[in-house]
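**Q** would you be able to build a 3D model of this:
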Amino acid sequence: MSTYYGYIRVSTLQQANDGDSLETQLKQINSYASLKGYDIPQENFITERGVSGSVEFEKRPEGLKLFEKLETGDVLIFSKLDRAFRNTRNALNTLHELKLRGVSVHFIDLGGDVTNDGIGSVIFTILSAFATFERERIATRIREVKQVQKADGKFLGGFTRFGYRVVEDRLEKDLEQQKIIKEMRDMKRRGMSLRRISSWLNKTHSVKMSHSTVSTYF
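**A** Numbering: from 1, shown residues only. All right, here's what the predicted structure looks like:
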């Protein structure tokens, strides 16, 4: 006997800003199931909140529970491919495993069952590759934006190097610390060892800096 499941996922940003909200996906899956004559109990709608599509399906809290539960004859419905996967390898591996178990997987945006329909499987493979490409393209764009911001002096978070301070989201030179760095360089020119400079920083300015870190200032 078949058991029917609907899977819904949104990240926090997506839930707030786009049309793939929990409610929208729920309506799409319910409508599709009704047309197919499938009856999905309310408790069989699996909801994944605030989880990025880049996280592999079996590593998501609810995705893992569902993956372990599915068995022969079960039907799993997604509203869209990207609600399930954004990684081609994970998409194909998961689909292959579910197909071996005898589970039917449906993507509404792909026209239905992709496990028992040859054309559906081909489309699934192609679109999975495009989903991976899109994820990598977005990641590349984010890196490029951060590089531009960094070059413009904007502080992007993380460790603040000695000699600098954050002022209104921008990284600026700390004049007092820059004077100390100048003294360090003068000491180095006079032949003082890195360990002695490190000790001097600690004793004179209460700055704890290892000799290896001191070396990065020369």
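**Q** helix or strand with the lowest mean pLDDT in this protein?
**A** Least confident helix or strand, the chain: helix 12-17 with a mean of 55, by mean pLDDT, DSSP states H and E.
**Q** other SSEs contacting the helix or strand following that one?
**A** Where DSSP states H and E defines the elements, the next helix or strand beyond helix 12-17 is helix 22-36. Packing partners of helix 22-36 (3 or more CB pairs under 8 Å, 6 or more residues apart in numbering; DSSP states H and E): strand 4-10, strand 45-49, strand 75-78. For every residue, glycine as well, the C-beta is placed using N, CA and C.
**Q** residues in contact with helix 22-36: which ones?
**A** Judged by CB atoms under 8 Å, 6 or more residues apart in numbering, the contacts made with helix 22-36 from elsewhere in the structure are 4, 6, 8-10, 15, 39-40, 45, 47, 49, 77-80, 83, 106, 108.
**Q** for PyMOL, write the select line for the buried members of the residues you listed.
**A** To isolate the buried ones among these in PyMOL, judged by 16 or more other CB atoms under 10 Å, type:
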select buried, resi 4+6+8+9+10+40+45+77+78+79+80+83+106+108
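**Q** domains in this protein, as residue ranges please.
**A** The chain is divided into the following domains under automatic domain parsing: 4-147, 164-217.
**Q** with distance to His205 and mean pLDDT added, can I get the helices and strands packed on helix 22-36 in JSON lines?
**A** Rendered in JSON lines, the data for the helices and strands packed on helix 22-36 read as follows (distance: least, CB to CB, whole Å; pLDDT from 0 to 100):
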{"stretch": "strand 4-10", "distance to His205": "50", "mean pLDDT": "94"}
{"stretch": "strand 45-49", "distance to His205": "48", "mean pLDDT": "92"}
{"stretch": "strand 75-78", "distance to His205": "59", "mean pLDDT": "97"}
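**Q** good, wrapping up.
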